[in-house]
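Asker: structural data only, the sequence is not supplied:
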């Protein structure tokens, strides 16, 4: 059921970009009667799937985070997504670092890094992933 939900969100963001939906500050959940911030909720749920989901869920979730980062016009939201993905990667909370997760990191860095130091930090992290055991400060 979760993979199907992720697949539906992925299709919605890929085939028919739902920017207005992503930009909603609050969306009412009719079955629960409370409001959510759509972007933040999707990013956090996807990070959860990246950390603890099946390989299929991990790939879909990473793709969704990347698409969300491209679709939204809020610099603050994209920077928050960048920080959350970096935190998840740097803390080693991910089961594996698949190509999709590295793509996700590259996209959120491109759209969400706010200064050269943040970009350099990601480049060092990517270097360490690609070449384990080497010194990234060289």
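Answerer: Looks like it arrived, so ask away. As the structure is a computational prediction, the values presented were derived from the model and not from experiment.
Asker: which stretches in this structure count as helices?
Answerer: Applying DSSP state H to the chain gives helices spanning 2-15, 19-23, 38-52, 55-71, 75-90, 99-112, 116-130.
Asker: tell me which of these sits most buried.
Answerer: helix 55-71 (a mean of 21; mean count of other CB atoms under 10 Å). Where you see a C-beta, it was placed from the backbone N, CA and C, and this is true even at glycine.
Asker: got the angle for that one vs helix 99-112?
Answerer: 20 degrees (axes from the mean of the first three to the mean of the last three CA atoms, to 10 degrees).
Asker: what sits against the closest residue to residue 79 other than its chain neighbours?
Answerer: Of all residues not flanking residue 79 in the chain, residue 112 sits nearest, at 4.7 Å (CB to CB, 6 or more residues apart in numbering). Residues near residue 112 by CB atoms under 8 Å, 6 or more residues apart in numbering: 69, 75, 78-83.
Asker: for these, which one is nearest residue 123?
Answerer: residue 82 (13.5 Å; CB to CB).
Asker: shouldn't that closest one be in contact with residue 106?
Answerer: No. Between residue 82 and residue 106 there is no contact under CB atoms under 8 Å: 10.8 Å.
Asker: sorry, back to before: pLDDT and distance to residue 100 added to the contacts of residue 112, as JSON lines?
Answerer: JSON lines is the format used below for the contacts of residue 112 (pLDDT from 0 to 100; distance: CB to CB, whole Å):
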{"residue": "69", "pLDDT": "86", "distance to residue 100": "14"}
{"residue": "75", "pLDDT": "84", "distance to residue 100": "24"}
{"residue": "78", "pLDDT": "85", "distance to residue 100": "18"}
{"residue": "79", "pLDDT": "88", "distance to residue 100": "21"}
{"residue": "80", "pLDDT": "86", "distance to residue 100": "20"}
{"residue": "81", "pLDDT": "86", "distance to residue 100": "15"}
{"residue": "82", "pLDDT": "88", "distance to residue 100": "17"}
{"residue": "83", "pLDDT": "88", "distance to residue 100": "20"}
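Asker: could I get these as CSV with distance to residue 41?
Answerer: What follows is the contacts of residue 112, written out as CSV (distance: CB to CB, whole Å):
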residue, distance to residue 41
69, 15
75, 19
78, 15
79, 17
80, 12
81, 12
82, 17
83, 16
